[in-house]
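> sequence and predicted structure, then a few things I'm wondering about:
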Amino acid sequence: MTIAAIIGGGVIGGGWAARFLLNGWDVRVFDPDPDAARKIGEVLDNARRSMPGLSDTALPAEGRLSFHTTMSETVSGAVWIQESVPERLELKRKVYQTLQEHCDPGAVLASSTSGFKPSELQGCATRPGQIVVAHPFNPVYLMPLVEVVPTEKNPPEMVVQAKELLTSVGMYPLHVRKEIDAHIADRFLEAVWREALWLVKDGVATTEEIDESIRMGFGIRWAQMGLFDTYRVAGGEAGMKHFMAQFGPALEWPWTKLMDVPEFTDELVDLIAGQSDAQSGHMSIREMERIRDDNLVSMMRALKARDWASGAVLNKHDAKISEEAGMVRRTDQIVDPSLPIVTVRRAVPVDWLDYNGHMTESRYLQAFADATDRLMEIVGCDQAYIATGGSFFTAETHIRHIDETHLGSVIEISTRVLMAEGKKMHVWHEMFAGETLLATGEHILIHVSLETRRPAPFSPEIAKNLEMISAAQSGLAAPDGAGRYVGQPR
């Protein structure tokens, strides 16, 4: 089992622990805070609730979490060591000296620092080339971005190793080519933060009004397109050059106070804190975290459907998890074709729930449709085949809702081919949560020519694969409920 060591179990350290743990790593934590286990436990509760909802395949079995009283015990055998101690340079350097006395020289020793450059962290280190900045964003278990900042002392192969390990847990490692204070993303946040402070201080806007201007406007655009692509689109057909020519001169206008910072007086702090309390004080921090997590999952799931931005990162990670879990994608991967084929294994995400708090009926159909799509892929009706002009259309569907399932439940769908002849395929799906049967789906699909939009015979390859599966499964007992009509008594 791969081991990650977490040094410092605050909000960021706890998020790192959740990211690794829910991706199947064993996680060891060192934090002298007597409440560390409770705090990380609360972060993990939120992560277990939300993180599986990002994936359309079940995450690996959760690793083992342990807490240790010494750094030497914590880092023993770890391939990734994440330091998230308070932002004091002398403390970090002292921690690195201890860690490097006991850790594997080949392990990645990464810092979550948002402010220090890697060259500062590497000073006085026994092996400076082992230390790199890996700056994440909160919540670490959901946000894919992590800024990887090396120096010339880091061997290129070590940087590649760090990026590959981060990618393996579903993150997007952004290689910062030149170290700079606050790296890249936080410099933008700092600029917006400075301007916001002035707007509040000068009475132009309240904290709530500023937040609304972001989440109702450019924040949504930035989430899916970033800064430069947003402005490229704003330039219309003429593109970025037109935008720069039109709006570039505005940079010389005295619109902002980005080079000036209001004095942090007690009056300004009280003003901002009071407005913030009025804005969100009716909710606890844990409630706000859950709302944040639900919104992030829902937005990133929308981006997954377009294979865009962070959604593309999640899709790539799903494919990796699915492959490692042994999910079948071709007939030659079927171990025993006489048994139902597992076509879906995934957790129920937050956007699949209804007002009753369980999975809404339309999502049962989506889950069964996903299972059918996987079966089509297995027998040869994949995207390449569809591009040649053949596909399957669903002609009839019958779903029985037998039991309910809730947020985070891992559902598994097993699929049988009851009949496949000429132009028609008869499919049977059963959805389980553990040993509990949740629903069955019975579907008739017709193979069609996409050119004529009319029924057409299977291709020889698809006919051969379907015949192999249906013949192998013909010895199974007829599924309970197959051929039922709606409302028929059991």
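Nice, I can see it.
> how many neighbours does residue 96 have?
Close neighbours of residue 96, defined as other Cβ atoms under 10 Å, add up to 26. For the C-beta atoms, the positions are set from N, CA and C on the backbone; glycine is no exception.
> assumed it was part of a strand.
No - checked against DSSP: H, G, I helix; E, B strand; the rest coil, residue 96 lies outside a strand; its state is helix.
> and it, how far is that from residue 246?
Applying Cβ to Cβ, to the nearest Å, the value for residue 96 to residue 246 is 50 Å.
> ok, residue 356 next?
Applying Cβ to Cβ, the value for residue 356 to residue 246 is 52 Å.
> pick out whichever of those two has more residues nearby.
residue 246 (13 against 9).
> output the below-cut-off pLDDT ranges for the stretch 151-300 of the chain.
Regions of the stretch 151-300 of the chain meeting the criterion pLDDT under 70 cover residues 247-248, 250-259.
> the strands in it, which residues?
Assigned by DSSP state E, counting those that start in this stretch, the stretch 151-300 of the chain shows strands spanning 172-175.
> what lines up beside the longest strand seen in the chain in the sheet?
With residue count as the measure and DSSP state E as the assignment, the chain has strand 436-449 as its longest strand. Its sheet considered, strand 436-449 pairs with strand 390-401 (antiparallel), strand 424-433 (antiparallel), strand 454-455 (antiparallel) by DSSP bridges.
> in that strand, what counts as buried?
Buried residues in strand 436-449, counted by 16 or more other Cβ atoms under 10 Å: 438-448.
> what's the local residue count around residue 61?
Neighbours of residue 61 using other Cβ under 10 Å come to 8.
> before we move on, which element is it in?
Residue 61 belongs to no helix or strand when assigned by DSSP states H and E.
> relative to residue 69, how far out is it?
Taking Cβ to Cβ, one finds residue 61 at 27 Å from residue 69.
> neighbours of the nearest residue to residue 165 once chain neighbours are set aside, just the number please.
Distance criterion Cβ to Cβ, 6 or more residues apart in numbering; nearest residue to residue 165, sequence neighbours excluded, is residue 80 at 5.7 Å. Using other Cβ under 10 Å, residue 80 has 25 other residues around it.
> so who does residue 67 touch?
28-31, 36-37 (Cβ atoms under 8 Å, 6 or more residues apart in numbering).
> run the last query once more with 6 Å
29, 37 (Cβ atoms under 6 Å, 6 or more residues apart in numbering).
> ok but it is inside a strand, no?
Yes - the assignment for residue 67 by three-state DSSP puts it in a strand.
> what about it, distance to residue 285?
Distance check for residue 67 against residue 285: by Cβ to Cβ, it reads 23 Å.
> do residue 487 as well
Note on residue 487: its distance to residue 285, by Cβ to Cβ, is 49 Å.
> the more surrounded of the two?
The residue with more neighbours, out of residue 487 and residue 285, is residue 285; 9 against 5, by other Cβ under 10 Å.
> what about the more buried one, distance to residue 43?
Separation of residue 285 from residue 43 (Cβ to Cβ): 11 Å.
> next one: residue 449
Distance from residue 449 to residue 43, by Cβ to Cβ: 53 Å.
> check residue 155 too.
For residue 155, the distance to residue 43 - Cβ to Cβ - is 33 Å.
> likewise for residue 289?
Taking Cβ to Cβ, one finds residue 289 at 9 Å from residue 43.
> sorry, back to before: what about residue 155 and residue 43, which has more around it?
Taking neighbours as other Cβ under 10 Å, residue 155 and residue 43 compare with residue 43 leading, 23 against 12.
> need the contact list for the closest residue to residue 429 other than its chain neighbours.
Leaving aside its sequence neighbours, residue 429 sits nearest to residue 441 (Cβ to Cβ, 6+ apart; 4.0 Å). By Cβ under 6 Å, 6+ apart, the contact list for residue 441 reads 368, 399, 429.
> apply 8 Å and report the result again.
Applying Cβ under 8 Å, 6+ apart, we find residue 441 in contact with 364-365, 368, 371, 397-400, 427-431.
> next: residue 111.
Taking Cβ under 8 Å, 6+ apart, we find residue 111 in contact with 82-84, 92, 118, 121, 131-135.
> what ranges does the stretch 351-490 of the chain have for its helices?
In the stretch 351-490 of the chain, the helices defined using DSSP state H, counting those that start in this stretch lie at 361-379, 383-387, 460-473.
> now the stretch 151-300 of the chain
So, for the stretch 151-300 of the chain - with DSSP H, counting those that start in this stretch - the helices run 156-168, 185-201, 207-213, 219-225, 228-234, 239-247, 266-280, 285-305.
> and the longest one, what's buried?
Just to be clear, that refers to helix 285-305. By neighbour count with 16+ other Cβ under 10 Å, helix 285-305 contains the buried residues 289-290, 293-294, 296-297, 299-301, 303-304.
> my read: residue 231 touches residue 246, true?
No - contact criterion Cβ atoms under 8 Å: residue 231 and residue 246 do not qualify, at 10.3 Å.
> please work out how many residues are found near the closest residue to residue 353 other than its chain neighbours.
Using Cβ to Cβ, 6+ apart and skipping the chain neighbours, the partner closest in space to residue 353 is residue 407 (5.9 Å). As a burial measure, residue 407 scores 18 neighbours (other Cβ under 10 Å).
> quick one: residue 407 from residue 213, how far?
Relative to residue 213, residue 407 is positioned 32 Å away (Cβ to Cβ).
> surely residue 82 and residue 3 touch.
No - using Cβ under 8 Å, residue 82 is not in contact with residue 3, being 11.7 Å away.
> neighbour-wise, which of these two wins?
Using other Cβ under 10 Å, the more surrounded residue of residue 82 and residue 3 is residue 82, with 26 against 22.
> now do the contacts for the more buried one.
Counting by Cβ under 8 Å, 6+ apart, residue 82 has contacts 4-7, 13, 16, 110-112, 134.
> contact partners for residue 421?
Shown in contact with residue 421 (Cβ under 8 Å, 6+ apart): no residues.
> for residue 421, list each beta-bridge partner.
Beta-bridge pairing of residue 421 under DSSP bridges involves residue 424.
> redo the buried residues of helix 285-305 as JSON lines? Include distance to residue 208.
JSON lines is the format used below for these (distance: Cβ to Cβ, whole Å):
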{"residue": "289", "distance to residue 208": "19"}
{"residue": "290", "distance to residue 208": "20"}
{"residue": "293", "distance to residue 208": "21"}
{"residue": "294", "distance to residue 208": "20"}
{"residue": "296", "distance to residue 208": "20"}
{"residue": "297", "distance to residue 208": "24"}
{"residue": "299", "distance to residue 208": "21"}
{"residue": "300", "distance to residue 208": "25"}
{"residue": "301", "distance to residue 208": "27"}
{"residue": "303", "distance to residue 208": "27"}
{"residue": "304", "distance to residue 208": "31"}
